[in-house]
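Enquirer: Any chance you could fold what I've pasted below:
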Amino acid sequence: MADRSIKMKSSVEQCSSSESEQNSLDIDSKHFQPQSYVENLTKGFSLKQLMETESMLGKDITSLDSEMQTLVYENYNKFILATETIKQMTSDFKQMETGMSNLMARMENLSSFSLEINSRLQPKRESVARISETHSLLKKLQHLYDLPTKLKTALTKKNLSQAVELYLRSRIVLEQYREMPAFQGIDSDCMATLGELKEEIRKNFDMEDATIEVISESASLLLKLNENPDELRLLFLQSGGKCLSIEIAELSKEVEVWQNSNENDTNVLDLLAFIDLGSNTVITNLGLIVTSYKNLFKECCSPSESEKTLINFTMALVKNYFDVLEKRYGLDCPKAGKREENVSVLVRSLDKLYNKLQTLGQTLPDVDFGRASTDLISKVARSLCDRLLEDLKMSFESSLNLLREAIATSSLQGEDGTTSPTYIPSLVSQILNAVNQDVKNVLSTLEPFLDQSITFINMPYFYIPFCLQDVHEGTIVKYLSHISGRCEEFLDNNESDAKNASVDLLLVLSRMCFDASSSTVQHLLNYTTEQFRVRPSGTNVTPTATITATFRKASLNLLNQYVASEGDNMITLMEKSIENRNWMDYPEPRSARPAVKRIVEVIGKIDAKVGSVFEDGSRNDRGSDSSRLSYFGSVARQTRGLSQTSASSHVDRSLMSNIQKLFSEKVDLTAPVDFTKVSVVTAIVKNLLKAMLESVRVITIDRHGLHQFQVDCHFLHSYLWRFVNDESLVSTMLDDVMHSALNRCIDPSILSPSAVESISERIA
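Expert: Predicted coordinates for the structure are as follows:
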C-alpha cells in the first residue's frame, strides 16, 4: 500500500511539473517566465518571425496600457463618489440620533401624563359602566314591554319569520323574568300570540298552492319554536307529498290530452317536453324535499327511523310518477300506438329521465334510483320491441295477402287456371326478401339504443337483457317462430285460411320455409348479433338449430299437404271418371278416356311447377323396352291364369289373383316425401294410382270395359314413368289395377299388346 501511495504521489508531481512548464510559456498565465519564453522564441523562430512577434507584442502592450488607464479613471470616479456618500450617511445618522433622543424624552412625558389621567378618571369610568349596563337592561325591558305589540303587528302583516325572530331574541330574557309579577302579563300575552303564530304557520302546510320552499320554511320556523320534531317531519312529508301529487296529477292530465289528441294537434307536449316538465317539477321538488328534510331533522330525530320514513315516502312518489310515465310511454295505454314517437326522441327522453334520477339519487344514497329508472327503461324498451313485433307480424300478414293475390291473379291469367311455373320462384324470393327487409328495418329502428353517448346503455343490467331477451329472443326469434307457426296454420283444416288456401300457396310456403331453414334464419340471427354486439349464450337463448328445425318441419308438413291436396284433386278426377260410367254396357274403346288424358296433362304441369321450386332429384335409369314388355307379359299371364281358373270350378278367381300378388313387387305407399321434384310427383302419382285401384275394385265391367282399362293403363304407363323415380313403381301399380279389372270383369278377355299400341299410336 505504501509503495502504491508513493508511486501515485510521484506521478501527480510529474503531472503538475509538466503543467507548470507549459504554463511558464503562456503570457496570460500566472506562472509565466519571461526568460524561458524568450529562449523558446530564439530557439524556434527565425529572425523575421521574431520581428513580427516583437511588433505584435508592442501593439498588445500599447492596447493593454490604454485599457488599464481607462479602468483606473473609471474606478477612481466611483471611489470618489462612494467616499462622498459615506460622509453624507455619517452626517445623516448623527441627525437621526439627535431626533430619536428627543422622541424618547417626549414619549416618557406622555406616559407620565397618561398614568395621571387614568388615576383621575378611574372613579368616573366605573360610574359610566354602571350607567351603560343599566341603560342596556332598560332597553331589554322596554323590548319585553313592546314584544306583545310587535308580535301582534308582525302576525297581522303575515311577517311570520320576523315574528319568530322577535320572539327568539327575547325568549331567554322572558324565561328568566317569567316568575316576576311585573312580567307575568307580558309572558301571557306573548304565549297567546305565539300560539296564534304557530297556528298561522301550520296553515301553510294545508295550502293547496304552497310551494316546497314555503313548506320547508314553515317547518324550520316551527322547529325554532321547539315544536315536536317527530310530528313535524310527518307533517312536512305529508304536505310535500300533497304538492307533488298535484304535480303528478297535472302530468297525468297531459297524458290524457295526448291520448285524445290527433297527429296534427300542436298543443300537445312532445315526449322530450313532457319529460322536461316532469323533471323540472316532480323530480326537482322531490330533491328539495329530501334535502330540506335531511337538513331540518337529521339532528333532532332518530336517524334510522327518520331515514326509513324518508325512503318509504320517496319510493311511493317515484312509483306514482313512474305510473304516469308508463302511460305516456304507452305501456298501459291501448291508444298509444296511434302516435308513435320517434325512437331517437324516445331514447333521448329516457336518457334525460335516467340522468335526472341519478342526480336525485345523490341526495338519497340508500335508494338505488339508477336500478329503478333502468327497470322503467327496460319496460319501455320491451314494450317498443313488442310493438315492433306486432308490426312485423302485420307486415308478414300483408306479404301473405299479397302472395295469395299474386297467385290468384296468375291463376286467372293462366290458360288452365293454374299459376305459371316460372312465376313461382319469384314469389318465394319476394316474400323472403320482405321478411329480410322487415327484420333489418326493425333492427335499424332500435339502433338509437346502441348510441354510446346514452348513459344508461352502459348499465350491464339493461344492455345485455335488452339485446338478448328483448331484441334477439323477444323480437327476432318470436317473429321467426310466428312465421313458421303461421305457415303451419294452413295445415289445419279447421282454419279458414287452410280451407281457402290454394295448392300453389302451399308449395310457395313450403319452399320459403325450406330456404329459411337453410340460410335465412342463420343470416338474420347473425345479423342481429353483429348489430347489437352481444353473442347469444345461456339457457334462455333459443339455439339456431331449434329454429331451423322448426322451419324445416313446417316446410315438410306443407309439402306433404301439397302432395295430399294435389293427390286429392287427381283422385277426385279419377274416381268421378270411373264411378260415373256404365261399365256393363261399354262400347269398344277407340282411345284413352278424356279424364285419363286430363290427368296426365295435370301431372305434367305439377311436375313443371314443383321442378321450378325444388331440384329434380335422383331417378332410376330406364331400360330399353324391358319394363314395357314385362308389363304386357304380366297382363297376358294374368289373363291366361284367370281363363284357366274360370274353366275350373274348384279354384276361386280372387284367390288366384291374391296368390299372384304375393309374387309381385311391393309398392311402399307411405314412403316419406323429400325436397325434390321426383319425390313429390312420385307421391302424387302413387296416390292417384292407388285411388284408381280402389275405384276399380268396387265396380263390375264387361269385356269392352276391360279393354278400356287396358288402353287407359297403357296410356298412363306411357307417360307417367317419366315423372316418377322408378318406372317399375308405375308398372306394378298398373298391374294391380289390371288384376282388379280382370277380377271385376264378367267375361275377361284382353286385347293383344299390338292392338293396344295401335290404338295408342293412332291417338298420339
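Enquirer: tell me which residues in stretch 206-225 are buried?
Expert: Using 16 or more other Cβ atoms under 10 Å as the test for burial, stretch 206-225 gives Ala210, Ile212, Ile215, Ser216, Glu217, Ser218, Ala219, Ser220, Leu221, Leu222, Leu223. Every C-beta, even on glycine, is put in place using the N, C-alpha and C of the backbone.
Enquirer: Could you tell me how far the fifth one is located from Gly195?
Expert: Spelled out, that is Glu217. 19 Å (Cβ to Cβ, to the nearest Å).
Enquirer: Name the nearest residue to the spatially most central residue of the chain, sequence neighbours excluded.
Expert: Nearest to the geometric centre of the chain sits Phe449, at 4.5 Å (Cα atoms, centre = their mean). Nearest non-adjacent residue to Phe449, counting by Cβ to Cβ, 6 or more residues apart in numbering: Val347, 5.9 Å away.
Enquirer: returning to that earlier point: mind checking the SS state of the residue nearest to the centre of the chain?
Expert: helix (DSSP: H, G, I helix; E, B strand; the rest coil).
Enquirer: Contact partners for it?
Expert: The neighbourhood of Phe449, defined by Cβ atoms under 8 Å, 6 or more residues apart in numbering, consists of Val343, Val347, Ala381, Ile457, Phe466.
Enquirer: Please pick the buried ones from the residues you listed.
Expert: Val343, Val347, Ala381, Ile457, Phe466.
Enquirer: nearest to Lys150, of those residues?
Expert: Val347 (59.6 Å; Cβ to Cβ).
Enquirer: secondary structure element for the closest one?
Expert: Take DSSP states H and E as the rule and Val347 turns out to sit in helix 343-363.
Enquirer: Give me the phi and psi angles of the nearest residue to Asn560 once chain neighbours are set aside.
Expert: Distances taken as Cβ to Cβ, 6+ apart place Val673 nearest to Asn560, at 5.8 Å, with adjacent residues excluded. Main-chain dihedrals, Val673, degrees, to the nearest 10: phi -90, psi 140.
Enquirer: I figured Val673 hits Val563, correct?
Expert: Yes. Counting by Cβ atoms under 8 Å, Val673 touches Val563, with 5.7 Å between them.
Enquirer: These two: who's more crowded?
Expert: Set Val673 next to Val563 and count neighbours by other Cβ atoms under 10 Å: Val563 wins out with 25 against 17.
Enquirer: Contacts only, for that one.
Expert: Listed by Cβ under 8 Å, 6+ apart, the contact set of Val563 reads Val673, Val680, Ala683, Ile684, Asn687.
Enquirer: doesn't Ser740 make contact with Cys713?
Expert: No. If you go by Cβ under 8 Å, Cys713 and Ser740 don't touch, sitting 10.9 Å apart.
Enquirer: just to revisit the earlier point, now for the helix or strand just after the helix holding Val347, which elements pack on it?
Expert: With elements assigned by DSSP H and E, the helix or strand that comes after helix 343-363 is helix 369-413. Counting contacts by 3 or more Cβ pairs under 8 Å, 6 or more residues apart in numbering; DSSP states H and E, helix 369-413 packs against helix 303-328, helix 343-363, helix 424-445, helix 460-465, helix 478-488, helix 503-515.
Enquirer: Could you name the helices and strands sitting against the fourth one?
Expert: Right, helix 460-465. Secondary-structure packing of helix 460-465 (3+ Cβ pairs under 8 Å, 6+ apart): helix 369-413.
Enquirer: so what's Lys478 closest to, chain neighbours aside?
Expert: Leu389 (5.8 Å).
Enquirer: Just give the number of residues close to the one you found.
Expert: 18.
Enquirer: and it, what does it touch?
Expert: Contacts for Leu389 (Cβ under 8 Å, 6+ apart) come out as Gly474, Thr475, Lys478, Tyr479, His482.
Enquirer: what's the weakest-modelled helix or strand in the protein?
Expert: Every helix and strand of the chain was ranked by mean pLDDT, DSSP states H and E. The lowest is helix 626-647, at a mean of 46.
Enquirer: rank the helices and strands packed on helix 369-413 by pLDDT, which is bottom?
Expert: Ranked by mean pLDDT, these bottom out at helix 460-465, with a mean of 82.
Enquirer: what does that helix contact?
Expert: Helix 460-465 has contacts (Cβ under 8 Å, 6+ apart) with Arg371, Thr374, Ile377, Ser378, Ala381, Phe456, Ile457, Val534.
Enquirer: same check, this time on stretch 319-335
Expert: Outside stretch 319-335, the residues touching it (Cβ under 8 Å, 6+ apart) are 245, 248, 251-252, 254-255, 258-259, 271, 274, 278, 282-283, 336-337, 346, 353, 372, 376, 379-380, 383, 387.
Enquirer: Need the overlap of contacts for Val673 and Val563.
Expert: Val680, Ala683.
Enquirer: how far is the helix ranked longest in the chain from where the chain is centred?
Expert: Longest helix in the chain by number of residues (criterion: DSSP state H): helix 47-156. Between the mean C-alpha location of helix 47-156 and the chain-wide mean there is a distance of 77 Å, by Cα atoms, centre = their mean, to the nearest Å.
Enquirer: for stretch 213-232, same thing?
Expert: Distance, stretch centre to chain centre, for stretch 213-232: 47 Å (Cα atoms, centre = their mean).
Enquirer: repeat for stretch 159-168
Expert: 57 Å.
Enquirer: in it, what counts as buried?
Expert: Judged by neighbour count (16+ other Cβ under 10 Å), stretch 159-168 contains these buried residues: Leu160, Ala163, Val164, Leu166, Tyr167.
Enquirer: Name all residues that make contact with the second one.
Expert: With contacts defined as Cβ under 8 Å, 6+ apart, the neighbours of Ala163 are Lys150, Leu151, Ala154, Leu155, Thr193, Leu197.
Enquirer: TSV please, covering those and showing neighbour count.
Expert: Formatted as TSV, those follow (neighbours: other Cβ atoms under 10 Å):
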residue	neighbour count
Lys150	17
Leu151	23
Ala154	20
Leu155	17
Thr193	22
Leu197	23
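Enquirer: Mind putting the residues you listed into a markdown table with pLDDT and distance to Asn118?
Expert: Formatted as a markdown table, the entries for the contacts of Ala163 read as follows, by pLDDT from 0 to 100; distance: Cβ to Cβ, whole Å:
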| residue | pLDDT | distance to Asn118 |
| --- | --- | --- |
| Lys150 | 77 | 43 |
| Leu151 | 77 | 46 |
| Ala154 | 79 | 47 |
| Leu155 | 80 | 51 |
| Thr193 | 80 | 50 |
| Leu197 | 82 | 51 |
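Enquirer: ok, back up a step: can you pick out the residue with more neighbours from Cys713 and Ser740?
Expert: Neighbours per residue (other Cβ under 10 Å) separate Cys713 from Ser740, with Cys713 holding more: 25 against 21.
Enquirer: Just the element for the more buried one, please.
Expert: helix 703-720.
Enquirer: other SSEs contacting that helix?
Expert: Checking 3+ Cβ pairs under 8 Å, 6+ apart, helix 703-720 ends up next to helix 594-613, helix 626-647, helix 677-696, helix 727-744, helix 753-763.
Enquirer: With respect to these, which exhibits the lowest mean confidence?
Expert: Among those, helix 626-647 scores lowest, with a mean of 46.
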